[in-house]
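1. 3D model of this:
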Amino acid sequence: MAVKQHDFISRIEWTGNRGDGTRSYRGYDRTWSVTTPGKPVVHCSNDPLLGGNPALPNPEDMLLSALAACHMLWYLHLASEAGIVVQSYEDKPIGVGESTPDGAGRFVRAILRPEIVVQHGADLERADAIHHEIHRVCFIARSVNFPVLYEATYAIAE
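-> The predicted structure is shown next:
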């Protein structure tokens, strides 16, 4: 089977010029917009620890959210194939990062914590096993270089 290449396109535009550009380190905002063709604009900022606007998503938020969303979509797909009927799925992932004294940072791990409601009669052991299959197919999980852990909980739909 031939490998297919996919192109993903976005436009990142810095919006933080207060009039003097980057003349001084504190003289500009760490804000930008993300535009992808045909989709709403996402306004972003730097991490609040680095002077960003806490009301806007930052790159770390977006990476963690992309990872959790990719995992969720594959989970739903594989659960459906396994005959497990998912009624609801909500994740509250945690990304654990570290920073060195020179300011460089990285994620050291992510913990996905999906809360999944399945239909009565679902095989909960199989439902849980699906999480460990996703890393081999999820585009985002296959692209990151830190461990992705899973702490899923399950409830039965009434």
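
2. ramachandran angles for I134?
-> Here is the backbone geometry of I134 (degrees, to the nearest 10): phi -70, psi -30.

3. so it versus A79, what's the distance?
-> I134 sits 11 Å away from A79, going by Cβ to Cβ, to the nearest Å. Glycine gets a C-beta too; all of them are placed from N, C-alpha and C.

4. what do you get for D123?
-> 10 Å.

5. I'd like the next helix or strand past the longest strand anywhere in the chain.
-> Longest strand in the chain, counting residues (DSSP state E): strand 105-112. For strand 105-112, the following helix or strand on the C-terminal side (DSSP states H and E) is strand 114-118.

6. same for that next one, what does it pack against?
-> If contacts are counted by 3 or more Cβ pairs under 8 Å, 6 or more residues apart in numbering; DSSP states H and E, strand 114-118 sits against helix 59-81, strand 86-91, helix 124-134, strand 153-156.

7. according to the record, where do the domains of this structure fall?
-> Split into domains by automatic domain parsing, the chain comes to 11-50, 59-156.

8. looking at those domains, which is nearest to M1?
-> Closest to M1 of those is domain 59-156 (Cβ to Cβ; 14.1 Å).

9. and V118, how many residues sit next to it?
-> When counting by other Cβ atoms under 10 Å, one arrives at 20 neighbours for V118.

10. sorry, wrong one. I was asking about W32.
-> The burial count for W32: 19, using other Cβ under 10 Å.

11. D123 and A79: who's more crowded?
-> A79 (19 against 12).

12. so how far is R109 from the more buried one?
-> Applying Cβ to Cβ to A79 and R109 gives a distance of 24 Å.

13. cool, F146 as well?
-> 5 Å.

14. quick one: contacts for the residue lying closest to D20 once chain neighbours are set aside?
-> Spatial nearest neighbour of D20, chain neighbours left out: G27 (5.3 Å); criterion: Cβ to Cβ, 6 or more residues apart in numbering. Residues near G27 by Cβ atoms under 8 Å, 6 or more residues apart in numbering: 18, 20-21.

15. return the member of the residues you listed nearest to A157.
-> For the contacts of G27, the nearest to A157 is R18 (52.1 Å; Cβ to Cβ).

16. quick one: stretch 35-55 to chain centroid distance?
-> How far stretch 35-55 lies from its chain's middle: 14 Å, per Cα atoms, centre = their mean, to the nearest Å.

17. send the alpha carbons of it over as PDB?
-> The C-alpha coordinates for stretch 35-55 follow below in PDB (Å, rounded to 0.1, in the frame of the first residue of the first chain):
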ATOM      1  CA  THR A  35      -6.500  31.300   9.900                       C
ATOM      2  CA  THR A  36      -7.200  28.100   8.000                       C
ATOM      3  CA  PRO A  37      -9.100  28.200   4.700                       C
ATOM      4  CA  GLY A  38     -12.800  28.400   5.100                       C
ATOM      5  CA  LYS A  39     -12.800  28.200   8.900                       C
ATOM      6  CA  PRO A  40     -13.200  30.800  11.700                       C
ATOM      7  CA  VAL A  41     -10.200  32.700  12.800                       C
ATOM      8  CA  VAL A  42      -8.700  31.700  16.200                       C
ATOM      9  CA  HIS A  43      -7.100  34.500  18.200                       C
ATOM     10  CA  CYS A  44      -4.200  33.400  20.300                       C
ATOM     11  CA  SER A  45      -1.600  34.600  22.800                       C
ATOM     12  CA  ASN A  46       1.500  33.500  24.500                       C
ATOM     13  CA  ASP A  47       1.400  31.400  27.700                       C
ATOM     14  CA  PRO A  48       0.400  33.700  30.600                       C
ATOM     15  CA  LEU A  49       3.600  32.800  32.400                       C
ATOM     16  CA  LEU A  50       5.400  34.500  29.600                       C
ATOM     17  CA  GLY A  51       3.200  37.600  29.500                       C
ATOM     18  CA  GLY A  52       0.400  36.300  27.400                       C
ATOM     19  CA  ASN A  53      -3.300  37.000  27.600                       C
ATOM     20  CA  PRO A  54      -4.900  34.200  29.800                       C
ATOM     21  CA  ALA A  55      -8.200  34.600  28.000                       C
END
